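Asks: structural data only, the sequence is not supplied:
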């Protein structure tokens with residue numbers, strides 16, 4: 001995993017803002033160990049006692065629209081004419097928002113049932129497309145807020161999800177919230 005660096009001062013400022021702590025390091029390691037952010041967040045939610053059961057739900061903004069830029073189309077390997085869908089979600093575990101994510105994906109590379117599920121449910125993208133056996137190609141990982149992320153972001157990721165033979169199915173921008181760094185909750 002690489003940390004985006006624009007200079008020593010920027011790195012120090014980002015580390016300070018992100019609360020450079022052992023918890024942040026463990027969170028980064030949990031995310032890096034999985035191709036699916038959904039799966040990693042589920043493990044993190046359970047380990048931190050955020051909710052039991054540790055079920056990740058994608059609260060979709062069904063009105064969100066964001067046409068893919070030429071850079072997004074290039075990353076996905078699609079022409080200007082090929083349809084690209086967009087999904088903006090907040091991934092939540094037990095009512096605690098852990099991530100704000102933007103996802104551009106190629107519907108033609110998913111099954112009809114997967115597309116229907118993404119359009120009509122709160123199931124996270126990673127869980128829906130898990131049967132495709134995708135792998136994550138991390139493009140950027142940065143402590144703190146990337147330009148596309150809301151205030152309060154402690155960690156930002158940009159990645160392409162690819163099928164086994166390398167075909168891209170999705171480009172994601174993931175903005176992880178400060179809630180991930182809260183103290184471990186114990187069962188009552």
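Replies: Great, that's in hand. Just so it is clear, the structure is predicted and the values come from calculations on it, not from any experiment. Residues are numbered from 1 along each chain as shown.

Asks: the strands in the protein, which residues?
Replies: Counting by DSSP state E, the chain has these strands, from start to end: 56-60, 85-93, 96-105, 135-143, 153-162, 168-177.

Asks: just put those strands in CSV and tack on mean neighbour count.
Replies: For glycine as for every other residue, the C-beta is placed from the backbone atoms N, C-alpha and C. Output for the strands of the chain, formatted as CSV (neighbours: other C-beta atoms under 10 Å):
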stretch, mean neighbour count
strand 56-60, 20
strand 85-93, 20
strand 96-105, 22
strand 135-143, 17
strand 153-162, 22
strand 168-177, 23
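
Asks: so which of the ones you listed gets nearest residue 125?
Replies: Residue 125 lies closest, by C-beta to C-beta, to one member of these: strand 96-105, at 5.5 Å.

Asks: strand partners (parallel or antiparallel) of that closest one?
Replies: Strand 96-105 sits in its sheet next to strand 85-93 (antiparallel), strand 168-177 (antiparallel), going by DSSP bridges.

Asks: switch the ones you listed over to JSON lines; also include mean pLDDT and distance to residue 32.
Replies: Shown next, in JSON lines, are the strands paired with strand 96-105 (pLDDT from 0 to 100; distance: least, C-beta to C-beta, whole Å):
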{"stretch": "strand 85-93", "mean pLDDT": "97", "distance to residue 32": "17"}
{"stretch": "strand 168-177", "mean pLDDT": "98", "distance to residue 32": "12"}
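
Asks: since that was my last question, I'll sign off now.
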